[in-house]
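Undergrad: When you get a sec, could you give me coordinates for this:
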Amino acid sequence: MIQIRPAHERGHANHGWLDTFHTFSFADYYDPAQMGWGDLRVINEDRVEPGKGFGRHGHRDMEIITYILAGALQHKDSMGNTTVIRPGEVQRMSAGKGVMHSEFNPLPSEPVHLLQIWIEPNVTGIEPSYEQTFFAPEEKRGCWRLVASSDGREGSVTIHQDAAVYVTVLAPGETAVHPLAPGRRAYVQVARGAVTVNGERLHAGDGARIQDEARIELVGAGESAEALLFDLA
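TA: I've put the predicted structure just below:
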């Protein structure tokens, strides 16, 4: 089963400094049919104007992953971390029993384009923690590069959930295949370009719920494409 979530059907809000699309219910966008997929709760595609951002605010008991597509994002948190996240980097923040943070675009003239992802954890009330890792473009070319997992294998960031997050970059005609174990489900989010997912064509911003499929095959369709795959219990 492949159920496409078209980009134009996502929730949308433009606050001037922030142009944001919500794959699943978030903030003022609520759709009882779009509350997530398994433990995947949020995929927000954000564009933040130069010098603007999210002021200091709190989270708890959520695995928060930030993936930068263009520009840069400055992160500060109550754990003492002050970092800048750039394209190719994956940031993981486990909110645990509570963390405060802020996220701003430090660039003077370029918007930052990012995906913010929330995954519900399988443990609550833990000490908050932070991790940030760079994945070179060649590691993602024509294959699935693991970027987040429950055990941090292959250099991925570690999340507190039985889930794995992969990224691929595909030229036209290039293929990336992922086997899906029985009983597991997946979600594909196209970050840029166009792909086919088991023969179904998706464009930037589109997503797809996947279940009861033995394998997931992405093929680049058109100019260079970038996509994320979530393998979920």
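
Undergrad: Gln91 versus the residue lying closest to Ala191 once chain neighbours are set aside, what's the distance?
TA: Excluding its sequence neighbours, the residue lying closest to Ala191 (Cβ to Cβ, 6 or more residues apart in numbering) is Glu226, at 4.4 Å. Just so you know, the C-beta spots here come from the backbone N, C-alpha and C atoms, and that holds for glycine as well. Noted for Glu226: a distance of 17 Å to Gln91, by Cβ to Cβ, to the nearest Å.

Undergrad: Look up which residues are beta-bridged to the residue nearest to Ala191.
TA: Note on Glu226: beta-bridge partners Val169, Arg192, judged by DSSP bridges.

Undergrad: wait, it sits on Tyr166?
TA: No: the criterion here is Cβ atoms under 8 Å, and Glu226 misses it with Tyr166 at 11.6 Å.

Undergrad: Counting neighbours around each, name which of the two comes out higher.
TA: Tyr166 (23 against 20; other Cβ atoms under 10 Å).

Undergrad: part of a strand, is Asp139?
TA: Wrong residue type there; residue 139 is Glu, not Asp. No: applying DSSP: H, G, I helix; E, B strand; the rest coil, one finds Glu139 to be helix, outside a strand.

Undergrad: ok, what's across the strand from the closest residue to it other than its chain neighbours?
TA: Spatial nearest neighbour of Glu139, chain neighbours left out: Arg145 (4.8 Å); criterion: Cβ to Cβ, 6+ apart. Judged by DSSP bridges, the bridge partners of Arg145 are Val167.
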